[in-house]
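S.K.: sequence unavailable; structure follows:
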């Protein structure tokens, strides 16, 4: 089997990614209502305008008391207190708790002024004729410490604090926090709009009978699905014929309403690989045209102002891998994310394909599992660049450095894919 050589104009992966990510920049921040900010990234840290909670609140049903009044309480010698009021959640008692008194208080209700603890209902007894209501007496058989069963004002989140920094994604947890603190508008970066085009006279979009030599456009569907799952606005640019003029015109039209354009195919060095010439025709700055990886060596990225053209290879596995290495991280950075790379860790190789070492960085598609407290990755599957089956069910890429030949049981670096990849 012949071993690939790495030509002089082929960039190492780290340098190619550095150039790409350096040029991926977010747009101008916009102010959005909180309910419309989901999936966007904060353009500045949010300083909370209110304490959370905004008052001392009970965390269980019981009676608000002065802890000193029950300091010596026991089942044999209970503390006897007079109930002066009742406070459900959402209401407020104007009275101040005096020595020897208590207020029946429900979970989430404000702590009456003068109280510093809550005794749970299970630790309260009622003398004959009492139901523990205002004007009646109760017996408390346990002592409580100051602030027991109480969440103090600002204890969770203090007014003036900034728990969410620039580049934080607004998800369900963040939305809950911001709403609780009264931050109903947030400054976020706009989400990038991405146009997906496929090049190739051999491609058939949609249904219909294949003609001799035709294949269906699987890359377009794969990429649009990948991008939509990330939350980006996606536009379908359809298919372009294999001509420099047609590709350049289609990309220029797409840039009229998109921040990034993704094409697949026609990016290598063959007679009909027209993408690099189309980039030059548009006057784009080409960051690189080939990268020392397998699959996906013929991948190019061009820059046009703030807009970016990601020209991915036409082979399905090559497009899949390069999308995760270049396209998705760059789009996250264009959206303002503070963290754009997938989560990476070491895993033990559980299975591998029958390949020889190569002078390229290889990315085996595989499935990561956590077994017995250890992370393992099984890459024992077809790994050719044209095999759709190579990434079916894959949730990770195992990175194999140039010249290395790891065996089952050896540690390898893995890049997690999908939602787990953004840990």
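M.R.: The structure has been received and is ready for your questions. This one's a predicted model, so the numbers in the text were calculated from it and none came from an experiment.

S.K.: confirm residue 248 sits in a strand?
M.R.: No. Under the criterion used here (DSSP: H, G, I helix; E, B strand; the rest coil), residue 248 is helix, not part of a strand.

S.K.: quick one: the nearest residue to it once chain neighbours are set aside from residue 19, how far?
M.R.: With sequence-adjacent residues excluded and distances taken as Cβ to Cβ, 6 or more residues apart in numbering, residue 248 is closest to residue 278, at 4.1 Å. (C-beta placed from N, C-alpha, C; glycine too.) Distance, residue 278 to residue 19, using Cβ to Cβ, to the nearest Å: 20 Å.

S.K.: for the nearest residue to residue 184 once chain neighbours are set aside, grab phi and psi.
M.R.: Of all residues not flanking residue 184 in the chain, residue 34 sits nearest, at 5.2 Å (Cβ to Cβ, 6+ apart). In terms of degrees, to the nearest 10, the main-chain angles of residue 34 are phi -60, psi -40.

S.K.: count of residues packed around residue 34?
M.R.: 16 (other Cβ atoms under 10 Å).

S.K.: correct me if wrong: it contacts residue 183.
M.R.: Yes. Counting by Cβ atoms under 8 Å, a contact exists between residue 34 and residue 183, whose distance comes to 6.9 Å.

S.K.: quick revisit: that's a strand at the residue nearest to residue 248, yeah?
M.R.: No. Assignment of residue 278 by three-state DSSP gives helix, placing it outside any strand.

S.K.: one step back: between residue 278 and residue 19, which one's more packed in?
M.R.: Counted by other Cβ under 10 Å, residue 278 and residue 19 do not tie: residue 278 has more neighbours, with 27 against 16.

S.K.: can you pull the pLDDT of that one?
M.R.: In the predicted model, residue 278 carries a pLDDT score of 92.

S.K.: correct me, but it touches residue 242?
M.R.: No. Because the distance of 10.4 Å does not satisfy Cβ under 8 Å, residue 278 is recorded as not touching residue 242.

S.K.: roughly how far does residue 400 sit from residue 416?
M.R.: Taking Cβ to Cβ as the measure, residue 400 and residue 416 are separated by 16 Å.

S.K.: check which helices and strands the helix or strand containing residue 309 sits against.
M.R.: Under DSSP states H and E, the secondary-structure element containing residue 309 is strand 307-312. Using 3 or more Cβ pairs under 8 Å, 6 or more residues apart in numbering; DSSP states H and E as the contact criterion, the elements in contact with strand 307-312 are strand 260-264, helix 275-281, strand 300-304, helix 316-322, helix 328-334.

S.K.: any chance of those in TSV, plus distance to residue 165?
M.R.: Converted to TSV, the helices and strands packed on strand 307-312 look like this (distance: least, Cβ to Cβ, whole Å):
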stretch	distance to residue 165
strand 260-264	25
helix 275-281	36
strand 300-304	28
helix 316-322	30
helix 328-334	16
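
S.K.: least reliable of those going by mean pLDDT?
M.R.: Averaging pLDDT over each of the helices and strands packed on strand 307-312 singles out helix 275-281 as the lowest, with a mean of 90.

S.K.: packing partners for the helix or strand that it is followed by?
M.R.: Scanning the chain past helix 275-281 towards its C-terminal end, the next helix or strand to appear is strand 285-288 (assignment: DSSP H and E). Using 3+ Cβ pairs under 8 Å, 6+ apart as the contact criterion, the elements in contact with strand 285-288 are helix 13-23, helix 275-281, strand 300-304.

S.K.: tell me what the longest one is packed against?
M.R.: This means helix 13-23. Contacting helix 13-23 under the criterion 3+ Cβ pairs under 8 Å, 6+ apart are the following elements: strand 285-288, strand 300-304, helix 328-334.

S.K.: buried stuff in the shortest one?
M.R.: Of the residues in strand 285-288, those with enough neighbours to count as buried (16 or more other Cβ atoms under 10 Å) are 287, 288.

S.K.: ok, residues contacting it?
M.R.: 11, 15-16, 19-20, 23, 276, 279-280, 299-304 (Cβ atoms under 8 Å, 6 or more residues apart in numbering).

S.K.: pick the one among the residues you listed closest to residue 75.
M.R.: Here the nearest of these to residue 75, counting by Cβ to Cβ, is residue 20; it sits at 70.5 Å.

S.K.: residue contacts, that closest one?
M.R.: Here residue 20 is in contact with 287, 288, 301, 326, 329, 330 (criterion: Cβ under 8 Å, 6+ apart).

S.K.: who's in contact with residue 308?
M.R.: Residue 308 sits next to 23, 24, 259, 260, 261, 301, 302, 330, 334 when contact means Cβ under 8 Å, 6+ apart.

S.K.: and it, how close does it get to residue 20?
M.R.: In this structure, residue 308 lies at 8 Å from residue 20, with Cβ to Cβ as the measure.

S.K.: now swap in residue 236 and tell me
M.R.: Distance check for residue 236 against residue 20: by Cβ to Cβ, it reads 24 Å.

S.K.: about what we covered before: out of the contacts of strand 285-288, which end up buried?
M.R.: Neighbour counting over the contacts of strand 285-288 (16+ other Cβ under 10 Å) leaves 11, 16, 19-20, 23, 276, 279, 299-304 as the buried ones.

S.K.: in JSON lines: those, plus distance to residue 252.
M.R.: Compiled in JSON lines, the buried ones among the contacts of strand 285-288 are given as follows (distance: Cβ to Cβ, whole Å):
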{"residue": "11", "distance to residue 252": "26"}
{"residue": "16", "distance to residue 252": "25"}
{"residue": "19", "distance to residue 252": "23"}
{"residue": "20", "distance to residue 252": "21"}
{"residue": "23", "distance to residue 252": "19"}
{"residue": "276", "distance to residue 252": "16"}
{"residue": "279", "distance to residue 252": "11"}
{"residue": "299", "distance to residue 252": "21"}
{"residue": "300", "distance to residue 252": "17"}
{"residue": "301", "distance to residue 252": "17"}
{"residue": "302", "distance to residue 252": "12"}
{"residue": "303", "distance to residue 252": "14"}
{"residue": "304", "distance to residue 252": "9"}
